[in-house]
Each structure stands twice: as structure tokens, then as C-alpha cells.
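**Q** Mind looking at a prediction? Sequence and model below.
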Amino acid sequence: MAPSAMTLVAASVAATPLLVWPAAADTALTPIEALGKNIFFDDSLSIPNHKQACASCHDAAKGGILPNSTINATTVVAPGAAPHALGNIKPPTNAYASLSPPFHQISIPPPQFIANWEGGNFWDGRAEGCGKKFATRPASGCPIGPASTTSETIFQSDVPASFQIYLGPTADQALNPFPNNVEQNTREKAVCQQVKTAKYKALYQQAFGVPIDCTKNLETSYRRIAVAAAAWQASADLNSFSSRRDGDIRSGFHFPLPSLTPEANLGHDIFYGLNTTGKNRIVNGKPLNANCTVCHNGVSNGNSMDFSDTVGENLQQLYTDERYHNIGVPFNRDIPGVGFQEKKGLSTHISTVDSTVSPGEFKTPTLRNVAKGASASFTKAYAHNGYFKSLKQIVHFYNTRDALDRCEAKGIVNATAAEAITKNCWPVGEFEATKARGIIGNLGLSGAEEDAIVAYLGTLSDAHTPAASASAKKGAR
């Protein structure tokens, strides 16, 4: 069956980065998208049964992250389906992850605050997207690292040509949680059998034109299940581009935007180093610039990132460069069983092919939906290890990391963010980020200017939230 209007728009991103993504309500889901949505919300695809779905760790109402405020505020990592199973790093958001290019090597001139790699999913990029067809194959080849999930040839032989637009990092990522012992803790055949008997089973044949086969063609069926999950995650139901900022720009407005508060518009100007409001402070003859766009700027053109949107008015601005940086995030002592400098990020993934990459470089997350769901009664955690517990905390870190004393000098070891702010210090980074100095860490922002940036980030939350699929069941969590 032919892809819907929304999926054709997703496919055409490779051709041109300047597109208007349709509102989620404009188009119904196609069978493959509907199949993927049911799979995403199905908590019976775990052992024990009804303990964990993809949505258990990626709740769209909370911006695609773990919907457990207590865990976010403390241990950070998600519990698995099996008793006492725990992850070892904060679940990244799945919102807009489908627009990440496949993992590939890039050329960055020194001084390198940016690693020579771009794209992929997971904090370390190991879901490379090897199944995606390239107009030009990345020079590095694919797969690269020991954690790569599949190959281009295998995926493309299993997926009809009309659905190969969904092959990429998200399809590779979708293969992983089901058999992972600390996630859904099941196996490929059990997943296949569950989908084969589910209430939504007819969607598989509607999508692929053949019945699901969990014996002779088990591997093909399992990979198609992953591709279906990727198809829904690529749809406008999840990636709606429906924030207040988006609505104003879609209506033809330019910054300062009419639906944003004066504080949020000022935050935009500080974020980009502009003065559209006439209220941004002038420093050395230029508007105050918090350097946010060094990392949080980019529009995907399918195979790589485009950085030409310097004012933040591209309708498909992702607020991430899909690259890898070390910003000196402190060690999070509250993650159970994870030792100091144990989680190295990108270097773990590609150490065998690039010895120049330093430990501590993690993928830049999108800022879309970064504030969604956060409130006085619900804590969200930020950075790869969830060290920060509010946007205000992490913005204050970007502003003052190198301007304040080290907490260790004050006799505080492994301070939490709250402890550090109370003592007006910051801990030494788990991996020191000397290359980031001069870019972040001593921005000279006032408290009100920090608040303005936080206010702007709050305007990037989508108004549309995907409703739970009809197959979703209330699991134990």
C-alpha cells in the first residue's frame, strides 16, 4: 500500500530541507504506521507480560522520556520488565529521532569541540541506520562499531521498496529493546507470536501484503515489526511540529512572535545572539549570545545536517546538530551500579575505528518537547545521565560552569545539582571539557536572562500529543 501524505513528506526530507510538515490531524495513519503505533504501546511484548512497552520509557505526553517523576528525580534509569532489572543511562527522547541522519563520519577543523561524527540514535550513536539507502555512501562505511544492529543488505531485503524510507537509525534502534534483558526482556519469536495474535494483527497483512510468519520467515517478520515501529515514529502523529513557535511561523510571522511572551521572545534572541525584540543586551557591540546554536541548531536533509537556519525560523528546525559533544556534565552518583567514567559515550561505540575521539562525548538531544510535561509536580531529568533536574539547572550550568568554584574545593565530592547550586559551585566534570571553554561555562548571563532562555524552551512543546493506541494495556508500572 502506498505511503500516506505525511510519510511522503517524511521521505522527501532527503530532497530538500525546507518543508512544511502537515498537522497531525490532517492525515490518518497508514496501515504500517498504525501497526507501528500499536506495537509501540503494546505492553504485552515483554516478559513478564504486561510489564513494559516502548511507551513505558518514551511517553509522548512527557516529551518522549520516562514518565516517572520519582525515578527522574533520583535514580534516573528505567526499570526493566524483569524484576530488579535496571538500565544504566537515561532513556533519550524518541521525539523527532527519526529525522536523525544515519551515523557517518564528518570533517571538523580544530579546535574540536565537536567530534568527527554525526547522526545515529542512542547517546553513543550505535543505532547507526545502516539500512537506509544513501545517495552517496558515507566514507566511513557501515556498520562501524561493535554494537551495530543490522546491515543495509539484510534490512533492505526484508522491507518492500515503498517502506525503505523508514530504514535508518530509528529502525535499527527498534530492534534492540525487545531482547534486551534490562528492557522488555523477551525474544524475537515471542514478539512475533504476540503480534500475530494481537487485536491489531490484521494491520501486518494490510501493511506488508502477506500474513506474519513466525517460523520459516521469523527474522524477516521481526525486522518488519521494527520497521513498523519506526514508521509510526516517523509520522506526524509523533513529530507534529505543532508548538507555539511552529504555529506562528507557519502563519507567516517572524520573531518576535505574537503568541510568545516578551520573556520568551527575549530568550530566543539570547539563544541566537539576535535583537529582534530590541531588548537584548548589547555586549562588545553585538547582541548577547548564549551560544546555544553551537549545538542546538540543525535541519536534516536526509543524509546529513544543514545549519543555515541562523535565526530559528525554519519550520523543521530540530534544535540539535545530531553530533557529539563533551560539555563537562558531572558524575551522577545516584545511578545504581554505574561507576565514575564508566559511561564513555561515542568513544565506546567507535573506539576500534577512531582513536582520536575522547571519552565523554554524547549526542546532542533535540530541544523540541524538552519542557513538555515538566511541572512543579513532575520532574524531568536532563543530560545523558540525568544529572540536572530542571531546565533552569542546566541553563545555569551552561552559564556558570567555569565561572564558579569547583565543589571539590569546598569539600563536597560528587555533589548533586541541587547541592552544587546551594553552595554556588559545580563539581569537576566526569570527563573534563576543556575544549568547550570559551563556548559555554562563563556566559555572563543574569538570572533573568537564564529565565528568558528557559521561557523560550517552553515554547517548543508540541500542542499535539499522540493518543495511546487502542491496543495499549495498563501495565504494572
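**A** Sure, I can see it. Numbering: from 1, shown residues only.
**Q** in terms of contact, does Gln52 touch Asp43 like I think?
**A** Yes. If you go by C-beta atoms under 8 Å, Gln52 and Asp43 touch, sitting 6.0 Å apart. In short, each C-beta sits where N, CA and C put it, glycine included.
**Q** what does the domain assignment say about this structure?
**A** 5-233, 245-460 (automatic domain parsing).
**Q** which of the ones you listed sits most buried?
**A** Each of those was scored by mean neighbour count; the highest is domain 5-233, a mean of 21, by mean count of other C-beta atoms under 10 Å.
**Q** Tell me how confident the model is about that domain, as a mean pLDDT.
**A** For domain 5-233, the mean per-residue pLDDT is 82.
**Q** Now do stretch 35-47: distance to the chain's middle.
**A** Relative to its chain's centre, stretch 35-47 lies at 20 Å (C-alpha atoms, centre = their mean, to the nearest Å).
**Q** Ala115 contacts Phe362, correct?
**A** No. Using C-beta under 8 Å, Ala115 is not in contact with Phe362; the gap is 9.7 Å.
**Q** what is in contact with those two at once?
**A** Tyr324, His325, Leu346 (C-beta atoms under 8 Å, 6 or more residues apart in numbering).
**Q** Restricted to helices, list those residues.
**A** Leu346 (DSSP state H).
**Q** Pipe the shared contacts of Ala115 and Phe362 into JSON lines and attach pLDDT and distance to Leu318 per row.
**A** Converted to JSON lines, the shared contacts of Ala115 and Phe362 look like this (pLDDT from 0 to 100; distance: C-beta to C-beta, whole Å):
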{"residue": "Tyr324", "pLDDT": "95", "distance to Leu318": "15"}
{"residue": "His325", "pLDDT": "95", "distance to Leu318": "15"}
{"residue": "Leu346", "pLDDT": "94", "distance to Leu318": "19"}
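**Q** Distance to Ala127 added to the shared contacts of Ala115 and Phe362, as CSV?
**A** Below are the shared contacts of Ala115 and Phe362 laid out as CSV (distance: C-beta to C-beta, whole Å):
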residue, distance to Ala127
Tyr324, 14
His325, 19
Leu346, 13
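**Q** Return the member of the shared contacts of Ala115 and Phe362 nearest to Ala418.
**A** Using C-beta to C-beta, His325 comes nearest to Ala418 of the shared contacts of Ala115 and Phe362, at 24.2 Å.
**Q** and the gap between that closest one and Ala383?
**A** Per C-beta to C-beta, to the nearest Å, His325 is found 11 Å from Ala383.
**Q** Ok, Gly339 next?
**A** In terms of C-beta to C-beta, Gly339 sits 17 Å off from Ala383.
**Q** Check Ala78 too.
**A** Ala78 is 16 Å from Ala383, by C-beta to C-beta.
**Q** One more: Arg401?
**A** 12 Å.
**Q** Common neighbours of these two, please.
**A** Each of Ile327 lies in contact with both Arg401 and Ala383 under the rule C-beta under 8 Å, 6+ apart.
**Q** any idea which helix or strand carries the closest residue in space to Gly458 that isn't next to it in sequence?
**A** Nearest residue to Gly458, sequence neighbours excluded (C-beta to C-beta, 6 or more residues apart in numbering): Ala371, at 4.4 Å. Taking DSSP states H and E as the definition, Ala371 sits outside all helices and strands.
**Q** Can we start the residue count at 431 from this point?
**A** Got it, the first residue is 431 from now on, which makes the last one we talked about Ala801.
**Q** Which pLDDT value goes with Ala801?
**A** In this model, Ala801 carries a pLDDT of 98.
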